[in-house]
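> predicted structure and sequence below. I'll ask about it afterward.
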Amino acid sequence: MPKQRYSFWSEFEEIIDSNGKKRYKCIYCNSEWAKNATRLQEHLNTCLARKITMESIVSEPEPTVNQTNKRKQTTLNHYMPSFTKQDQEELESLLVRAFCSTGLLEFLLM
């Protein structure tokens, strides 16, 4: 699997100079460079116009809670059947009876 590369090429505009050679123009400061990935990356790291643009993007206010599509917390009421008090008591009685008949109640009380 090939190594993934940083796609910095989108931050440069490809142009052809008067000699017919490809050159790359920074979209932030309009300086022109020959096709040399190392130098283009170095330029992006030092380009003041890019830093100012990135800082303005980062400093934009984040949306408030009211503007986001925040999902509401769901409850389990819809997933489990609810029991009446009488049903609950009957189930507890059956559970105790099952423990007694298998000897688990004596084991649990030890």
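Noted; the coordinates are in hand.
> quick check: pLDDT value at the residue lying closest to Lys22 once chain neighbours are set aside.
Spatial nearest neighbour of Lys22, excluding adjacent residues (CB to CB, 6 or more residues apart in numbering): Lys35 at 5.7 Å. From N, CA and C alone the C-beta is placed, and that goes for glycine too. Turning to Lys35, the model gives it a pLDDT of 84.
> neighbours of Lys35, how many?
13 (other CB atoms under 10 Å).
> so who does it touch?
Going by CB atoms under 8 Å, 6 or more residues apart in numbering, Lys35 touches 22-24.
> neighbour-wise, which of these leads?
So for those (other CB under 10 Å), the most neighbours sit at Tyr24, 22 neighbours.
> partners of the helix or strand where that one lies in the sheet?
Using DSSP states H and E, Tyr24 sits within strand 22-26. If you go by DSSP bridges, strand 22-26 pairs up with strand 12-16 (antiparallel), strand 32-34 (antiparallel).
> closest to Gln73 out of those?
Proximity to Gln73 (CB to CB) singles out strand 12-16 among the strands paired with strand 22-26, at 46.3 Å.
> what are the ranges of the helices in this structure?
Remark: helices assigned in the chain by DSSP state H are 37-46, 48-58, 85-102, 104-109.
> okay, Phe91: pLDDT?
Careful, residue 91 is Leu and not Phe. pLDDT, Leu91: 90.
> leaving out chain neighbours, which residue sits closest to it?
That would be Phe83: by CB to CB, 6+ apart, it lies 7.0 Å from Leu91.
> now the one you found. Its backbone dihedrals?
For Phe83, the backbone dihedrals (degrees, to the nearest 10) come out as phi -110, psi 150.
> ok so, going back, Met54: which of the contacts of Lys35 is nearest?
Tyr24 (19.0 Å).
> that concludes my questions; thank you for your assistance.
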